[in-house]
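Student: I would like the atomic coordinates for the input below:
(chains A and B, ligands or ions: 1)
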Amino acid sequence: MAGTTLAEKLWRSHVVPTGEAGEEDLLYIDLHLLHELNTPVAFDRLDRAGRRVRRPELTLGTEDHNTPTRDIRRQIEDPAARHQVQLMRQNCERHGIPHYRLGEMGQGIVHVIAPELGLTHPGMTVVCCDSHTTTLGAFGCLAFGIGTTQVEHVLATQTLPLRRPGDMRVTVDGVLPAGSTAKDLVLALISQIGTAAGQGRIVEYRGEAISALSMESRMTVCNMTVEAGSRAGIIAPDETTFAYLRGRPHAPSAERWPAEEAYWRTLRTDPDAVFEREVHLDASTVRPHVTWGTNPAQAVPLDGVVPDPATQQDSVLRQAAERALDYMGLAPGTAMREVPVDAVFIGSCTNSRIEDLRQAADVLRGRRVADGVEVILVPGSEAVREQARAEGLDEVFAAAGIELRHAGCSMCAAVNEDRLGAGRRAASTTNRNYEGRQGKGARTHLVSPAVAAATAVAGHLCAPEDLEA
Amino acid sequence: MQPFTAHTATMAPLRRSNVDTDQIIPVRFLTRPTVEGYGENLFNDWRDDPDFVLNRPEHAGATVLVAGTDFGTGSSRESAVWSLTGWGFRAVVAPRFGDIFYGNALKNGLLPVRLDLGAVEVLWDLAERDPATRVTVDLQDRTVSAGGRSWTFPIGEDDRRRLLLGLDDVDLTLRHLAAIERFEATRREGLPTTTRGDLGGLLAR
Ligand code: SF4
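Tutor: Numbers count the residues shown, from 1 in each chain, chains lettered A, B, ... in the order given. Below is the predicted model:
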């Protein structure tokens, strides 16, 4: 009999034996994360049914989507956004759920704060009302996004009835060239396999290039796994994982640590396990990438050109490409490097951690943002912001003409007041370049923090190496 | 949840693939605190176009949406489903759905029907040629029929049963409370709780 995948092991170890056989397993949830945008309806239904939160101490709330990034002490202007934040605070308070408020240490984008607080240990099950929960699979846990009805279900029962997804494996061998980042790696991967390759599957990443990535870079890769359609991404824990966790507020105590680490070390896919689908990527071929269209698979190397839809054989993909170019206002054959931008956004759960800010600062040091380019730089958490200040990155940014703002999702989803106007074009370190994602009619090019920073300086899409010394 | 057995209605042909949840309901409309009212903003940013299918009088009252492949991809927002149900849709037919959307639809009594692109194209043609064409989506025998043709669609047995009976998931699970408690007693001690600890170790190293 074939061996077992890591994902399957984690799944099995969380199945509550109910004595009932069905297509679905009742899965126990170790950590339930909440943010203010997708949860009010869940609490409303819970309350109407007269139910309580079963395990508030396995639940954590934050506010990130609706919150301002500049003047955080004043009242939130948009009444609907203000109301949602208020509801979040009330709901958490009423049900005894720990919650981090805007501006306080611990607050930030849900997928950024959970690891930072040391809440995501290998071997856990983690859910959140947000598709980018896949980020947390970087720790060797099963982490996936759920809908609001499921939020209500987890609040009430700490479990979820689910069908086990299939298994897919992405092996990334070779060494990532200097100048290419985890973001480029994952954009290159998605452009090859498409936005539906991982549907109904958990993707395990392995290989030399994955092992070499820092935890923060692994999070970037797992974050964008959902853009390949997958339920979750997972990376087996190793020394890098353990080193990241050690000393964090919710890491195991010194006393418990040896037992936990010994258990974590067992979390591996058996050598003879079989995957439904296997994909191989050679990291040494990955160059800085940029999207030209309106889904994350529509990406090319930065030194490439806007592809011609006419060369696309598949009619569905061709029509999607035509529509995308129309929306993006781009002509086939245009060199990506010649595309001018109006704005640059550095932030989001994909690229707003301290390493991302350091990457941006390295490019911006001693340089200035091009005239007419608006740069919005938003750290993923208050802790990242504090760390950036401690390292003096805020001064590098200020000298370049960029303000280090307060933590939140900001212009990634443009639910708060940070929005891009219709027809305006941005290089963004985010994860979705959908129509209207950063504002109605706004055009988004997904890039790494280094490319975003270089683009801010040049005023058109470019890599750091293109800038004059 | 409203049970779904069989539904006969006219169709709204949405000839587009990759309709992500940001298009179904743009993120700026996600601020309603209850499920009511989301229907108003269904496909909000496409509704400026008078030719958009939901604006066309001949398709008014259609409660079966027929869309291209990869419907409901992207963000996990369940409001994508509430905006469809709020508008009045009872079923969405497409060759392929975003995973989370598919699950959310089932949990809100909106039947997601997977049919291959060929069948979808037949339905599009039928609805465009004669908008009064009625389609029947029957969950009991898992079929879609229109214009004298009929197709079978796949759906999980548990999902089908819950939808047919309109059962509430939480009640179903709480029947297993004792089993959940027994499982909890076996959880490893080192697992974290969210109880606020010392945030001193928070800064990145
Ligand atoms: S940063 Fe963007 S993708 Fe991440 S949780 Fe916030 S809105 Fe979603």
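
Student: report the longest helix in chain A, please.
Tutor: helix A:79-95 (DSSP state H).

Student: Would that one count as contacting chain B?
Tutor: Yes: Helix A:79-95 reaches chain B (Cβ under 8 Å from any Cβ of the partner chain) through A:80-81, A:83-84, A:87. Any C-beta I mention is one placed from the backbone N, CA and C, and that applies to glycine too.

Student: after that helix, next one along is what?
Tutor: Next helix or strand after helix A:79-95 toward the C-terminus (DSSP states H and E): strand A:99-100.

Student: So that next one, near chain B or not?
Tutor: No: if you take Cβ under 8 Å from any Cβ as the test, strand A:99-100 misses chain B, and the best it gets is 8.9 Å.

Student: now the next helix or strand after that strand: mean pLDDT?
Tutor: In the C-terminal direction, the helix or strand that comes right after strand A:99-100 (DSSP H and E) is helix A:110-116. Per-residue pLDDT over helix A:110-116 has a mean of 98.

Student: which SSE is B:Asp125 in?
Tutor: With DSSP H and E as the criterion, B:Asp125 is inside helix B:117-129.

Student: in that helix, what counts as buried?
Tutor: Neighbour-count burial for helix B:117-129 flags B:117, B:119-124, B:126-127 (criterion: 16 or more other Cβ atoms under 10 Å in any protein chain shown).

Student: Now tabulate the residues you listed in a markdown table and tack on distance to B:Arg90 and pLDDT.
Tutor: A markdown table is the format used below for the buried residues of helix B:117-129 (distance: Cβ to Cβ, whole Å; pLDDT from 0 to 100):
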| residue | distance to B:Arg90 | pLDDT |
| --- | --- | --- |
| B:Leu117 | 22 | 96 |
| B:Ala119 | 18 | 98 |
| B:Val120 | 17 | 98 |
| B:Glu121 | 22 | 97 |
| B:Val122 | 20 | 98 |
| B:Leu123 | 15 | 98 |
| B:Trp124 | 18 | 98 |
| B:Leu126 | 18 | 98 |
| B:Ala127 | 15 | 98 |
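
Student: follow-up on the earlier one: ok, and what's touching the very next helix or strand once past the helix holding B:Asp125?
Tutor: Sequence order places strand B:134-138 as the next helix or strand after helix B:117-129, per DSSP H and E. Contacts with strand B:134-138, where a contact means Cβ atoms under 8 Å, 6 or more residues apart in numbering or on different chains, come from B:5-11, B:64, B:90-91, B:93, B:111, B:113, B:123, B:126, B:143-146.

Student: Can you select the buried ones among those residues for me in ChimeraX?
Tutor: Buried residues within those, by 16+ other Cβ under 10 Å, are selected in ChimeraX with:
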select /B:7,9,10,11,64,90,91,93,111,113,123,126,144,146
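
Student: ok so, going back, where's the longest helix of chain A relative to the chain centroid, distance-wise?
Tutor: 24 Å (Cα atoms, centre = their mean, to the nearest Å).

Student: cool, and stretch A:269-277?
Tutor: 26 Å.

Student: now swap in stretch A:301-311 and tell me
Tutor: Taking mean C-alpha positions (Cα atoms, centre = their mean), stretch A:301-311 and its chain are 26 Å apart.

Student: Stretch A:129-144 now?
Tutor: Going by Cα atoms, centre = their mean, where stretch A:129-144 is centred and where its chain is centred differ by 9 Å.

Student: so where's the longest strand in chain B?
Tutor: The single longest strand within chain B, with elements called by DSSP state E, is strand B:6-14.

Student: Strand B:134-138 and that one, what's the angle between them?
Tutor: 120 degrees (axes from the mean of the first three to the mean of the last three Cα atoms, to 10 degrees).

Student: Can you list the strands that strand B:6-14 pairs with?
Tutor: strand B:64-67 (parallel), strand B:134-138 (antiparallel) (DSSP bridges).

Student: Between helix B:117-129 and that strand, find me the angle.
Tutor: Using the same axes, to 10 degrees: strand B:6-14 against helix B:117-129 is 80 degrees.

Student: hang on, isn't A:Trp264 packed against A:Gly140?
Tutor: Yes: counting by Cβ atoms under 8 Å, A:Trp264 touches A:Gly140, with 7.0 Å between them.

Student: Looking at those two, which is more packed in?
Tutor: A:Gly140 (26 against 22; other Cβ atoms under 10 Å in any protein chain shown).

Student: I'd say the more buried one and A:Lys9 touch.
Tutor: No: if you go by Cβ under 8 Å, A:Gly140 and A:Lys9 don't touch, sitting 10.3 Å apart.

Student: any weak-confidence spans in the chain?
Tutor: Unless you meant another one, I'm taking chain A. Filtered on pLDDT under 70, chain A yields the residue ranges A:469.

Student: my question was about chain B
Tutor: In chain B (pLDDT under 70), the answer is B:201, B:204-205.

Student: what residues go with each domain of it?
Tutor: B:6-165, B:169-203 (automatic domain parsing).

Student: Now do the domain split for chain A, please.
Tutor: A:6-162, A:166-285, A:289-466.

Student: For the ligand, find the nearest of those.
Tutor: With distances scored as Cβ to the nearest ligand atom, the stretch of these nearest to the ligand is domain A:289-466 (3.1 Å).

Student: what about the closest one, how long is it end to end?
Tutor: This stretch, domain A:289-466, spans 14 Å end to end (Cα to Cα, to the nearest Å).

Student: what's the answer for stretch A:368-388, then?
Tutor: First-to-last residue span, stretch A:368-388, Cα to Cα: 19 Å.

Student: So which bits of that stretch are buried?
Tutor: Per 16+ other Cβ under 10 Å, stretch A:368-388 contains these buried residues: A:369-370, A:373-388.

Student: Can you confirm whether it lies near chain B?
Tutor: Yes: using Cβ under 8 Å from any Cβ, stretch A:368-388 comes into contact with chain B via A:383-384, A:386-387.

Student: want to try CSV for those, with secondary structure as columns?
Tutor: Supplementary listing: those in CSV, determined by DSSP: H, G, I helix; E, B strand; the rest coil:
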residue, secondary structure
A:Ala383, helix
A:Val384, helix
A:Glu386, helix
A:Gln387, helix
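
Student: Leaving out chain neighbours, which residue sits closest to B:Gly156?
Tutor: Leaving out its chain neighbours, the residue that sits closest to B:Gly156 by Cβ to Cβ, 6 or more residues apart in numbering or on different chains is A:Glu23, at 5.2 Å.

Student: ok, A:Asn416 touching A:Thr69?
Tutor: Yes: shown here, A:Asn416 and A:Thr69 form a contact pair, counting by Cβ under 8 Å, at 7.0 Å.

Student: tell me, what's touching these two both at once?
Tutor: Joint contacts of A:Asn416 and A:Thr69 (Cβ under 8 Å, 6+ apart) are A:408, A:410.

Student: tell me, how many neighbours does A:Arg164 end up with?
Tutor: A:Arg164 has 17 nearby residues by other Cβ under 10 Å.

Student: Find the nearest non-adjacent residue to it, please.
Tutor: Per Cβ to Cβ, 6+ apart, closest to A:Arg164 is A:Trp11, 5.3 Å.
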